[in-house]
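1. just need the structure, nothing else, for what follows:
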Amino acid sequence: MSSIADVARAAGVSKSTASRALSGHGYVSDETRARVERAASALGFVPSITAASLVTGQSRNVGVVTPFINRWFFAEVLEGIESALISAGYDLTLYRLTDDPEQRKRVFNYFLVRKRVDAVIAVSIALTPSEVDMLHALDKPIIGIGGAIDGISTLSIDDAEAARIATDHVIGLGHTRIMHLGGDLGPQMDFRVHAHRLAGFREALTAAGIDSHDDVRAAAFSIPGGHSTALSVLADPRTRPTAIVAGSDEIAIGAILAARQLGIQVPQQLSVVGIDDHNLAELFGLTTVRQEPAQQGNLAVELVMDELANPTVGAPKEHHIPVTMLVRSSTTAPPSH
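-> Alright, predicted model coming up:
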């Protein structure tokens, strides 16, 4: 196995110069850096992260904590984080947090310290004050995605505003019999996204002077969840809404499938609008409010890298990510009758 000394001899430089060229720490001319990199490549030399960390005090590893890894939003965010970290030459260590206090305590008290991470990104999970204190005790950059966390810089969309935009769209088309299919308002680990989107929906109805009585049905944030809930909502023509505002695109797609199963035409008899711009949204012609989770992951890594390069002391910042209304073929004016 080749060593840094072998690389230095092949490149005609000292060991310290070869080390600076490969680590990126300290000045080395572009020509020398290229020569060292060519030598390392030819010899198959792989720098030791452990050795480098002893010199720089950094592990080139970022810890990511998240409540889910197999749901669309979280998977997209993680993909954005991973690609940005790879480009920056960093590793990712992933921890899935549950609502079990003991499991969470082990992650914060032990694993994040033992793994010697350089920074932490919390993906769409509400943290307790004690967990925030534990993170600050690491004295590392911390970025949150998905909602405000006291004492930590975060980036997120405005979930209530996204739902208002979606609801205003169908109101503008002339709909007054509108129902919201949203998430379970029980325990929510991810910043009460369900509650915020329901609140935005009702704010839009109130502003338009539309009665919001009996206007919501809980649905799991999934295509099967939207399908089963929509079947019960749409089965009775006497109480059937002319428009559904879904808490997510997956719920909206489930509602479209339920309408097809019942012989209800979308959008002629039922308009459906979602939130997210899921990968399947365009396939279903779904009108939706678009957010870009992968971009949020990329931006979180940019903020982490900026903080690692230029540590600052100041008040945490909230970065608001804009959303975009995408009108497709799943919405139109209500039936004339």
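2. give me the number of residues near E282?
-> 12 (other CB atoms under 10 Å). (Glycine included, C-beta is placed from N, CA and C.)
3. that one looks like it's in a helix, true?
-> No. Read with DSSP: H, G, I helix; E, B strand; the rest coil, E282 is coil and lies in no helix.
4. residue contacts, it?
-> R328 (CB atoms under 8 Å, 6 or more residues apart in numbering).
5. separation between it and D249?
-> 10 Å (CB to CB, to the nearest Å).
6. could I get the pLDDT score of the residue nearest the centre of the chain?
-> With distances taken as CA atoms, centre = their mean, V77 lies nearest the centre of the chain, 3.9 Å away. V77 is assigned 95 on the pLDDT scale.
7. could you do T32 as well?
-> 87.
8. and the helix or strand where the residue nearest to the centre of the chain lies, how far from the chain's centre?
-> Using DSSP states H and E, V77 sits in helix 72-88. Distance, stretch centre to chain centre, for helix 72-88: 9 Å (CA atoms, centre = their mean, to the nearest Å).
9. for it, packing partners?
-> Counting contacts by 3 or more CB pairs under 8 Å, 6 or more residues apart in numbering; DSSP states H and E, helix 72-88 is packed against strand 61-66, strand 91-96, strand 119-123, helix 293-309.
10. how about the strands in the stretch 151-300 of the chain?
-> Ranges of strands in the stretch 151-300 of the chain, per DSSP state E, counting those that start in this stretch, are 153-156, 178-182, 216-218, 243-246, 271-276, 287-290.
11. okay, now the unreliable bits of the protein?
-> 1, 23-26, 46-59, 115, 184-191, 313-314, 337 (pLDDT under 70).
12. please enumerate the helices of it.
-> 4-11, 15-23, 30-43, 49-56, 72-88, 101-106, 112-114, 129-137, 159-172, 193-207, 223-234, 249-261, 293-309 (DSSP state H).
13. of the helices and strands packed on helix 72-88, which approaches L173 most closely?
-> helix 293-309 (27.7 Å; CB to CB).
14. H169 and S329: what is the separation?
-> 13 Å.
15. on that earlier part again, return the most buried member of the strands of the stretch 151-300 of the chain.
-> Ranked by mean neighbour count, the strands of the stretch 151-300 of the chain are led by strand 243-246 with a mean of 31 (mean count of other CB atoms under 10 Å).
16. what does that one contact?
-> 163, 166-167, 170, 173, 175, 177-182, 201, 219, 226, 230, 233, 252, 255, 270-275, 331, 334.
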